[in-house]
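Enquirer: next comes the sequence, and after it the predicted model I'd like to discuss.
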Amino acid sequence: MKIVQLVPAMDQGGVERGVVEMNRVLVRAGHDNLVVSVGGRLEAQIVADGGRVAHLDVKGKNPLTAWSRAKKLRGLLAAARPDVVVAHSRVPAWLFVLANRSLGLKWITFAHGANSVSAYSKVMTYGDVTVTPSRYIADYLKEHYGIAEEKLRVIPRAIEREKFDPAKLDANFVAAKRAEWGLEGFKVVMGLGRITQLKGYDVLIRALAHLHRTHRAAHAKSRDWKLVIVGEAEALRKDYEAELRALVKSLGVEEQVVFAGAQSKVAECLSLADVVVSANWRKPEAFGRSMAEALAMDRPVVATAFGGALDIVEDGVNGALVPPDPQASDVDRAMAFANAIRRVAHAEHGDLRAPALEKFAFARMAAQALAVYAEFAEGARA
């Protein structure tokens, strides 16, 4: 079976890592998988795992170039002759709609998030089948666009047992990062994911500043706090990263916050944390891959109580959930996260890894995904 995946870029992020995982599954099952994007560092893994890559601008949002880019996509698809095309975002989905007018190809839309409700976002329901990573997103699409249940397939993202295994870490990498980031003697709070406003890193920085101030005021003998942000901003969002760095400076916590940049060894990074935090409060995440992976690394999680986090974090069991409050002030929101982080960091949680691996088994995800592709293989044979 020939498959084409349309992804804006292959640089960093949960969606991109999911494409890498799915490429591996498809290739092992004997399928020809071609990933089309503007490029990125994760392309090398696609090729190493037996997939193929092609470069095309399916990321840019300039409507003036949409037709020319759709024409190029049409040519690529006509040459590739895939049995099915998968669109992983709104821009590539719209380009495919334009390109597919004369081709009549079957396609899957993969709705990775709860995008703002609009005619532009509705394209993520146009596929012959729409896949979502959580029941939350499936219900969101049904509520706002009236998509039929029979068109929906819910496939939770998975944890790679071998990759996220505390017993199989690169010890030299862990030691080097511990020293580079100056973590010895600190309780480590970690935020993981690309630097965007939606990740709530501003809240996390304010929460860390509060933890640090209260620690100093109490003259505590316990360890002080340090925050590590693993991820980087895309070129168009460097201004926001600069704003975060300015916030760190204004709060006087330059020694307490590390901007670690993008890291390829996510499991090793997670192993250095005492608590992993998703401080996003603006828009629910569809799933929250880093939360599940943190649990696989036996690290508790603090997150906002909405969206995909509700499928992953159990308050008081494997972490804490902070009630969402869009009307809260920056200070109140940071205080809520600080209190939850402190509570979780000092609690006993037992084994977090085994339940996470059972709930988010990679083999289960692979089987569910292959079943969806099999629907199109049957159609192609017919």
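Expert: Looks like it came in fine.

Enquirer: buried ones in the lowest-mean-pLDDT helix or strand in the chain?
Expert: Between all helices and strands in the chain, the lowest mean by mean pLDDT, DSSP states H and E belongs to helix 362-381, at a mean of 83. Residues of helix 362-381 classed as buried: 362, 365-366, 369-370, 373, 376 (neighbour count, 16 or more other C-beta atoms under 10 Å). All C-beta spots, glycine's among them, are computed from the backbone N, C-alpha and C.

Enquirer: return the distance of it from the chain's centre.
Expert: Averaged C-alpha coordinates place helix 362-381 at 22 Å from its chain's average position (C-alpha atoms, centre = their mean, to the nearest Å).

Enquirer: ok, now stretch 186-203?
Expert: 13 Å.

Enquirer: ok so residue 357 is a helix residue?
Expert: Yes - using DSSP: H, G, I helix; E, B strand; the rest coil, the assignment for residue 357 is a helix.

Enquirer: which strands or helices does the least confident helix or strand of the chain pack on?
Expert: Contact analysis of helix 362-381 by 3 or more C-beta pairs under 8 Å, 6 or more residues apart in numbering; DSSP states H and E lists helix 14-28, strand 84-87, strand 129-132 as its packing neighbours.

Enquirer: any idea of the mean pLDDT for the first one?
Expert: Mean pLDDT, helix 14-28: 91.

Enquirer: repeat that for the second one.
Expert: With pLDDT averaged residue by residue, strand 84-87 scores 97.

Enquirer: which residues are in contact with that strand?
Expert: Contact with strand 84-87 is made by 1, 3-6, 77, 93, 96, 100, 105-110, 124, 127, 373, 376, 380, as judged by C-beta atoms under 8 Å, 6 or more residues apart in numbering.

Enquirer: buried deepest among the helices and strands packed on helix 362-381, which one?
Expert: Of all those, strand 84-87 has the most neighbours on average by mean count of other C-beta atoms under 10 Å, namely a mean of 27.

Enquirer: list the buried residues for stretch 306-318?
Expert: 306-313, 315, 318.

Enquirer: quick one: which of those residues is nearest residue 11?
Expert: residue 308 (21.9 Å; C-beta to C-beta).

Enquirer: settle this for me: the closest one is touching residue 287, isn't it.
Expert: Yes - the pair residue 308 / residue 287 is scored as a contact, 4.0 Å apart, by C-beta atoms under 8 Å.

Enquirer: quickly list what's touching both of the two.
Expert: Joint contacts of residue 308 and residue 287 (C-beta under 8 Å, 6+ apart) are 133-134.

Enquirer: related to what we said a few turns ago, so can I have a markdown table of the buried residues of stretch 306-318 showing distance to residue 52 and secondary structure?
Expert: Below are these laid out as a markdown table (distance: C-beta to C-beta, whole Å; DSSP: H, G, I helix; E, B strand; the rest coil):
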| residue | distance to residue 52 | secondary structure |
| --- | --- | --- |
| 306 | 38 | coil |
| 307 | 33 | helix |
| 308 | 30 | helix |
| 309 | 35 | helix |
| 310 | 37 | helix |
| 311 | 33 | helix |
| 312 | 33 | coil |
| 313 | 37 | coil |
| 315 | 44 | strand |
| 318 | 39 | coil |
